[in-house]
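Colleague: build me a model:
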Amino acid sequence: MLFAYLIIALLILIIFWVIAKYNGLIRLRNQVTNGWKQIDVQLKRRHDLIPNLVQAVKGEMQFEQDTLQKVIEARNSAISAKGVADSAAKEDALSGVLNKLFALVENYPNLKASENVKQLQEELTSTENKISFARQFYNDIATKFNIAQQVFPGNIVATMFNFKISELFEIKAEAEREVPSVDLSLRK
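Modeller: I've put the predicted structure just below:
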C-alpha cells in the first residue's frame, strides 16, 4: 500500500514538474514574440520615415533619382519580409542604400543646411539605435528560450509539446564585421 502511495506521489510530482516547465516555456516564447513585436514597431517607424526623407530630398537631388528609387525599392522589400532571417537580410540591404543616400546628401549644401532633412536624418539615426537595442533584447530572450528547450530535462517537455527553436539576428555582411579604423592624430 505504501508503495502505491509513493508511486502516486511521484506521478503527481512529475505532472506538476511538466506543468511548471511547460508554463516556463510558454512565458519565454511569449517574451520572444514580444521582443519581435518591439523590433517590428521600430521597423514600422523607420519605414514610415523613409518616404518623408525621400520626398524632402527629391527636388534637390535631380541627378540621384536612381538612388532614391533604390531606397524606395529596398523599403518596400523590407516591409514584405517574413521571419527573422528574411527581415535581417532585407533590413541590412535597406541600411546600405540609406547610408548611400546620407553620403550623397552631404554633397548637396542646400540639403545639408535644410532643417527638415537634418531632423529626418536624426529621427532615422535614433530609430536605427532603437532597432539595434530591440534586436539585442530579442536575441537575448530568444537565446534563453532556445537554451530552455535544449537542456535536459526541459528538452523532453519541449519535444512533447512541439516547441521550436527561435531564429536569431546575426551579421551576414562581412563588411559589418570589420573593425573600423580611427585616426585621432592631428597630423595633416
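Colleague: which strand or helix spans the residue nearest the centre of the chain?
Modeller: The structure's the chain has its C-alpha centroid closest to residue 135; by C-alpha atoms, centre = their mean the separation is 3.8 Å. Using DSSP states H and E, the element containing residue 135 is helix 115-150.
Colleague: hmm, back to that, correct me if wrong: the residue nearest to the centre of the chain contacts residue 40.
Modeller: No. Residue 135 lies out of contact with residue 40 (C-beta atoms under 8 Å); the separation is 11.2 Å. Any C-beta I mention is one placed from the backbone N, CA and C, and that applies to glycine too.
Colleague: now do the helices in this protein.
Modeller: 2-58, 65-79, 83-105, 109-113, 115-150, 154-160, 174-177 (DSSP state H).
Colleague: now render those as CSV, adding mean pLDDT and distance to residue 167.
Modeller: Below are those laid out as CSV (pLDDT from 0 to 100; distance: least, C-beta to C-beta, whole Å):
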stretch, mean pLDDT, distance to residue 167
helix 2-58, 92, 10
helix 65-79, 87, 17
helix 83-105, 86, 4
helix 109-113, 73, 38
helix 115-150, 90, 7
helix 154-160, 93, 16
helix 174-177, 52, 18
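Colleague: for residue 168, find the nearest of these.
Modeller: Closest approach to residue 168 among these (C-beta to C-beta): helix 115-150, 5.0 Å.
Colleague: show me what the closest one is packed up against.
Modeller: When contacts are defined as 3 or more C-beta pairs under 8 Å, 6 or more residues apart in numbering; DSSP states H and E, helix 115-150 sits against helix 2-58, helix 83-105, helix 154-160.
Colleague: ok, how many other residues are close to the nearest residue to residue 127 once chain neighbours are set aside?
Modeller: In space, and not counting its chain neighbours, residue 127 is closest to residue 46: 4.8 Å by C-beta to C-beta, 6 or more residues apart in numbering. Residue 46 has 21 neighbouring residues, counting by other C-beta atoms under 10 Å.
Colleague: could the helices of the chain go into TSV alongside distance to residue 166?
Modeller: TSV is the format used below for the helices of the chain (distance: least, C-beta to C-beta, whole Å):
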stretch	distance to residue 166
helix 2-58	5
helix 65-79	20
helix 83-105	8
helix 109-113	41
helix 115-150	4
helix 154-160	12
helix 174-177	22
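Colleague: quick revisit: look up how far residue 162 lies from the residue nearest to the centre of the chain.
Modeller: Distance from residue 135 to residue 162, counting by C-beta to C-beta, to the nearest Å: 26 Å.
Colleague: could you do residue 132 as well?
Modeller: Per C-beta to C-beta, residue 132 is found 32 Å from residue 162.
Colleague: okay, these two: which has more neighbours?
Modeller: Neighbour comparison, residue 132 and residue 162: the larger count goes to residue 132, with 13 against 6 (by other C-beta under 10 Å).
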